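Participant: no sequence for this one, just the structure:
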């Protein structure tokens, strides 16, 4: 047992009750991240300097991009959770599949769904899918940061038992102090990765389509794998082979894909148009 344990700041997961409708921090994190991300994306596409000669979506079309990405993220996040995290339960209780308000979303699935939405949007707007992906990846850490804070408030996805001075006893997790791994993820996947994205855009990464997306994928995968060493595995899955977790398993391909995108982008002339790669 640690000499000191940080008290868990119990916060009502319902921010405000509007009659029969509860407004939860979890749902609010999705809404705020989408709106703030949309506002930042609006500012980015109206500036010529970050893009150079590379075509990008119009500011007006970003309203539609928000819808495409939001629907894709929710559908993909739920589908991946059902398939990879709790399939036996949902096979026995299929009516629970659409009950996303009860929790149970996968970021890897949400990202896959959002990418599909961005692909369809790019195809419709006749702009490079990689450039649309770069724009989305640039603002994605906002959602990661707020989402992990919502996990902490709920609380859920807590860490493994720990003897560090900042360990906490989470409601519903037993009497053992645990790592506040949600905050580790908020720091690495949200703040640190967001800083990397900001620096990349400032350095002209948008001029090489796919570079920002590749940096995001590698950065997220490494941050997620690192945090998985402190996070308690999902109880219905536990540890997989060799002590790996499902989060690690799903993150490894992202790192490989991100590395391939970085190499692809850096091998092309800055500002080159990828005529063959459209949505």
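Facilitator: Right, received. Where do you want to start? These numbers come from a predicted model, not from an experiment.
Participant: Which strand residues bridge the residue nearest to residue 7 when sequence neighbours are not counted?
Facilitator: Spatial nearest neighbour of residue 7, excluding adjacent residues (C-beta to C-beta, 6 or more residues apart in numbering): residue 168 at 7.3 Å. C-beta: built from backbone N, CA, C; applies to glycine. The bridge-partner assignment for residue 168, based on DSSP bridges, gives residue 178.
Participant: contacting residues around residue 168?
Facilitator: Residue 168 sits next to 5, 6, 7, 8, 158, 177, 178, 180 when contact means C-beta atoms under 8 Å, 6 or more residues apart in numbering.
Participant: so how many other residues sit close to the fifth one?
Facilitator: Just to be clear, that refers to residue 158. Using other C-beta atoms under 10 Å, residue 158 has 25 other residues around it.
Participant: ok, now the second one?
Facilitator: Residue 6 sits with 14 neighbouring residues when counted by other C-beta under 10 Å.
Participant: Residue ranges in the stretch 101-250 of the chain under the pLDDT threshold?
Facilitator: Residues of the stretch 101-250 of the chain meeting the criterion pLDDT under 70: 101-103.
Participant: so residue 51 sits right up against residue 208, yeah?
Facilitator: No - in terms of C-beta atoms under 8 Å, residue 51 does not count as a neighbour of residue 208; the distance is 10.7 Å.
Participant: between the contacts of residue 168, which is nearest residue 253?
Facilitator: Nearest to residue 253 among these is residue 158, at 26.0 Å by C-beta to C-beta.
Participant: Assign a three-state SS to the residue nearest to the closest one when sequence neighbours are not counted, would you?
Facilitator: Counting by C-beta to C-beta, 6+ apart, residue 170 is the residue found nearest to residue 158 once chain neighbours are left out, at 4.5 Å. Following DSSP: H, G, I helix; E, B strand; the rest coil, residue 170 is assigned to coil.
Participant: Now for residue 170: which residues touch it?
Facilitator: Taking C-beta under 8 Å, 6+ apart, one finds 8, 155, 158, 178 in contact with residue 170.
Participant: What about these, which one has the most neighbours?
Facilitator: Neighbour-wise, these (other C-beta under 10 Å) top out at residue 158, 25 neighbours.
Participant: got a list of what that one touches?
Facilitator: Here residue 158 is in contact with 168, 170, 173, 178, 179, 180, 181, 182, 231, 232 (C-beta under 8 Å, 6+ apart).
Participant: Turn the residues you listed into JSON lines, including distance to residue 267.
Facilitator: Formatted as JSON lines, the contacts of residue 158 follow (distance: C-beta to C-beta, whole Å):
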{"residue": "168", "distance to residue 267": "47"}
{"residue": "170", "distance to residue 267": "47"}
{"residue": "173", "distance to residue 267": "47"}
{"residue": "178", "distance to residue 267": "45"}
{"residue": "179", "distance to residue 267": "40"}
{"residue": "180", "distance to residue 267": "41"}
{"residue": "181", "distance to residue 267": "37"}
{"residue": "182", "distance to residue 267": "38"}
{"residue": "231", "distance to residue 267": "36"}
{"residue": "232", "distance to residue 267": "41"}
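Participant: Identify the farthest-apart pair in these.
Facilitator: 168 and 231 (13.5 Å).
Participant: Tell me if I'm right that residue 157 and residue 151 touch.
Facilitator: Yes - with contact defined as C-beta under 8 Å, residue 157 counts as touching residue 151 (4.7 Å).
Participant: Quick check: neighbours shared by the two?
Facilitator: residue 182.
Participant: Need the residues that contact the helix or strand that contains residue 116.
Facilitator: Under the criterion of DSSP states H and E, residue 116 resides in helix 107-125. For helix 107-125, contacts defined as C-beta under 8 Å, 6+ apart pick out 57-58, 61, 64-65, 68-81, 83-84, 128-129, 131-133, 136, 140, 144, 147, 224, 250-251, 254, 278-279.
Participant: again, only this time at 6 Å
Facilitator: With C-beta atoms under 6 Å, 6 or more residues apart in numbering as the test, helix 107-125 has contacts from 57, 61, 65, 68-69, 72-73, 75-77, 79-80, 129, 132-133, 136, 250, 279.
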